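[1] I'd like to go over a predicted model; first the sequence, then the structure.
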Amino acid sequence: LFRLKFLSLNCKIILLIQKVKIMKKIRLKELFNIPNCLCYLRIILIPIFVAIFVLIVLAVSGHLTRTEDIKEPTAETSVSAVNEQNSEPVSENSDGKVTLCAVGDNLIHNTLIDAGKQEDGSYDYTSLYQNIAPVIQKYDVSVIDQETVLGGSDFEYAGYPVFNSPQEIGDAAINAGFDIFNCANNHIMDKGSQGIMNEIEYFKKHKNVVYLGINEDEKSYNTIKYYVKNNITFALLNYTYGTNGIDLPSDKPWIVNMMDKDKVTKDIKEARANADVVIVFPHWGTENSFGISDYQKEYTDLFSKLGVDLVIGCHPHVIEPVKEVTNKSGHKMLVYYSLGNFISHQIEIDQLCGGIASVDIEKKNGKITVNGKFIPIVTHYNRTDGDKFRFDVYKLSDYTDELAKSHSQNGGTPEYYNKLVKKVIDEKYLDLS
C-alpha cells in the first residue's frame, strides 16, 4: 500500500512538471495547431501509461493484497495438524481414503471402577475393551466419547451422579485403539476445573492421542484442531449442550466448548475454509429417547447450512436414527444422532444397545464423499465368583442367546436387539454382519 501511494505521488509530480513546461513554451493560438496538440498530448500521456503499467505489474506479482484475504483465510491457508508429527505432507491435489469409527458414551460407573482394581491396589481396565478392540483397531481413525472425567487419584474415584474415573481407563481405551477422545459433555465439570486440567495433563502425555472439547487456556479455545490422515485434512469439533447446572468458572469461561451458536458458527466457518472434511461431535439430545429433539433439529440445520460433512452425536444413552441431510446448495451431511452407550452399568436393556459409526471417507480429484454404516453393539455384564462384575462389549452379530441368558439384566436377547435397531435405524445404514 505504501509503494502504491508513493507511485501515485510521483505520477502527480511528473504531470505537474510537464504542465508547467508546456505552459511556458506554448501560446494560446498554438493550442489549436493539430500537430502541436498531438505532441503535447504525447508528452502528457506517456507518463500516465507508464504508471498504469507499473500498477498492473505490481498487482499481478502479488504486491497488492486483497482486503478479503486479510479479513478471512482462504482454503489455501496453511494449517497445523494436532497429529502433525505423525503425518505426511498433504498435497492439495492428492487423493486419499480414510476409514473412521466412533463409539458412544464411555460411562464409568462404580462397578466398572471396581472391575479394574487389582489385588495389589493398582488398576487395569484392559478387560473392558479386549473383546471389541480388534474391531476398533481395523480403522484408520477411532473416536470415543469419554463421558466421565479422567480426574485421576487427586480425587476420590466415583460413579453416578458425580463421576471421577481412574486415568487407567484412558490407558485401556488407548491400548484398545482409540485415537480421539471427545470430552465436552454434561459430566465434564463434575470435579470442577481442576478435574478438567488433570484430564488435559493426562492426554498431553500421550502424544499420539487427540482430545476435543476442553481447553487449557483461551488460545486453545479459539484454535481449531485439524487432523491429517492419508492426504485428507479433518477439522474436529466437539461441544456440549450443558454441564448439569455446574457453572463454568468465571476466570476460565473457555474451559469447555459449549453449544453456543456464535461460537459454533465461527468455528465451522474457519474449519470449512481450511479442511477437506469437517466433523462435529455434539453432546445433545434427550436422554432415553429414540426420537430426534427440536434442539437437535435446530443445530442440525445450522451445521448443514455451514457445510459440515459429518455429525456424530452422543448423550441420550440409547441409539437414535442415522440420516443424510442436504442443504440448499446441494451439500450432503451424514448425521448419527446418537450412538447410545459404548460401555456402562446402566440397567435398562435399551441402554445396553449402542452402535459403532463406521464411516468411509474418500477424496478424489478434490471431491469428498462420505458413506457410513451403523454397527450395533451390546454391553454385557454379569457377576464373577466374587462381588465384582465383569464387563464386555460385543457386536450384536456376535452376541448369542447363551450370553444373553448369563447377563445380569433379563430380556436383552439377540432377537430383541435386532428388532430394536431395525426399528430405529434405517435399513440402508445397518451393518449386521
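    That came in fine, so what should we check first? Residues are numbered from 1 along each chain as shown.

[2] where along the chain do the helices fall?
    Using DSSP state H, the helices of the chain run over 2-25, 34-60, 67-71, 110-115, 126-129, 133-136, 168-176, 192-204, 218-221, 261-274, 294-305, 401-406, 414-424.

[3] worst mean pLDDT among those helices?
    Here the lowest mean pLDDT among the helices of the chain goes to helix 67-71, at a mean of 29.

[4] beta partners of residue 228?
    Beta-bridge pairing of residue 228 under DSSP bridges involves residue 233.

[5] burial check on it, number of neighbours?
    23 (other Cβ atoms under 10 Å). (C-beta placed from N, C-alpha, C; glycine too.)

[6] show the pLDDT at it.
    Reading off the model, residue 228 has pLDDT 98.

[7] same thing with residue 72?
    Residue 72 carries a pLDDT score of 32 in this model.

[8] same for the longest strand that the chain contains, what does it pack against?
    Longest strand in the chain by number of residues, with DSSP state E as the criterion: strand 367-383. Where contact means 3 or more Cβ pairs under 8 Å, 6 or more residues apart in numbering; DSSP states H and E, strand 367-383 is packed against strand 332-336, strand 341-343, strand 353-364, strand 389-395, helix 414-424.

[9] for residue 178, find the nearest of those.
    strand 341-343 (9.9 Å; Cβ to Cβ).

[10] the closest one packs against which elements?
    strand 96-106, strand 367-383, strand 389-395.

[11] mean pLDDT, distance to residue 241 and mean neighbour count added to the ones you listed, as JSON lines?
    Formatted as JSON lines, the helices and strands packed on strand 341-343 follow (pLDDT from 0 to 100; distance: least, Cβ to Cβ, whole Å; neighbours: other Cβ atoms under 10 Å):
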{"stretch": "strand 96-106", "mean pLDDT": "98", "distance to residue 241": "14", "mean neighbour count": "24"}
{"stretch": "strand 367-383", "mean pLDDT": "98", "distance to residue 241": "23", "mean neighbour count": "19"}
{"stretch": "strand 389-395", "mean pLDDT": "98", "distance to residue 241": "26", "mean neighbour count": "19"}
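
[12] now distance to residue 416 too, for these, in TSV please.
    Output for the helices and strands packed on strand 341-343, formatted as TSV (distance: least, Cβ to Cβ, whole Å):
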stretch	distance to residue 416
strand 96-106	19
strand 367-383	10
strand 389-395	14
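
[13] those: which one's closest to residue 132?
    Nearest of those (Cβ to Cβ): strand 389-395, 4.2 Å.

[14] so that closest one versus helix 414-424, what angle?
    60 degrees (axes from the mean of the first three to the mean of the last three Cα atoms, to 10 degrees).

[15] list the pairing partners of strand 389-395 within its sheet, with orientation.
    strand 367-383 (antiparallel).

[16] please export the C-alpha coordinates of the strand it pairs with as CSV.
    Taking Å, rounded to 0.1, in the frame of the first residue of the first chain, the C-alpha atoms of strand 367-383 are listed here in CSV:
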residue,chain,number,x,y,z
LYS,A,367,-14.1,-34.0,-4.2
ILE,A,368,-15.1,-35.6,-0.9
THR,A,369,-17.5,-38.4,-0.4
VAL,A,370,-18.7,-39.7,3.0
ASN,A,371,-20.5,-43.1,3.3
GLY,A,372,-21.5,-44.6,6.6
LYS,A,373,-22.9,-47.6,8.3
PHE,A,374,-24.2,-48.3,11.8
ILE,A,375,-22.9,-51.4,13.6
PRO,A,376,-25.0,-52.4,16.6
ILE,A,377,-23.2,-53.4,19.8
VAL,A,378,-24.2,-54.8,23.2
THR,A,379,-22.8,-54.1,26.6
HIS,A,380,-22.7,-57.4,28.5
TYR,A,381,-22.1,-57.7,32.3
ASN,A,382,-22.6,-60.3,35.0
ARG,A,383,-21.2,-61.1,38.4
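
[17] run the chain-centre distance for that strand.
    18 Å (Cα atoms, centre = their mean, to the nearest Å).

[18] OK, contacts around the residue nearest the centre of the chain?
    Closest residue to the average C-alpha location of the chain: residue 236 at 1.7 Å, with Cα atoms, centre = their mean. Each residue near residue 236 by Cβ atoms under 8 Å, 6 or more residues apart in numbering is listed here: 180, 210, 212, 225-227, 279, 281.

[19] wait, doesn't residue 164 sit right on residue 153?
    No: using Cβ atoms under 8 Å, residue 164 makes no contact with residue 153, being 9.4 Å away.

[20] looking at those two, which is more packed in?
    Neighbour count, other Cβ under 10 Å: between residue 164 and residue 153, residue 164 has more, with 23 against 12.

[21] touching, residue 349 and residue 413? I think so.
    No: the criterion here is Cβ under 8 Å, and residue 349 misses it with residue 413 at 9.0 Å.

[22] for residue 327, which non-adjacent residue is spatially closest?
    residue 304 (4.5 Å; Cβ to Cβ, 6 or more residues apart in numbering).

[23] contacts only, for residue 246.
    Residue 246 touches 189-190, 192, counting by Cβ under 8 Å, 6+ apart.

[24] which one of those residues sits closest to residue 317?
    Among those, and counting by Cβ to Cβ, the member closest to residue 317 is residue 190, at 16.6 Å.

[25] neighbours of the closest one, how many?
    Around residue 190 there are 23 residues (other Cβ under 10 Å).

[26] look up how far residue 162 lies from it.
    Residue 190 sits 5 Å away from residue 162 when distances are taken as Cβ to Cβ, to the nearest Å.

[27] got the contact list for residue 432?
    Residue 432 touches 376, 396-397, 418, 421, counting by Cβ under 8 Å, 6+ apart.

[28] possible to save these as a markdown table with distance to residue 97?
    Formatted as a markdown table, the contacts of residue 432 follow (distance: Cβ to Cβ, whole Å):
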| residue | distance to residue 97 |
| --- | --- |
| 376 | 25 |
| 396 | 27 |
| 397 | 25 |
| 418 | 31 |
| 421 | 27 |
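
[29] and those residues, which are buried?
    376, 396, 418, 421 (16 or more other Cβ atoms under 10 Å).
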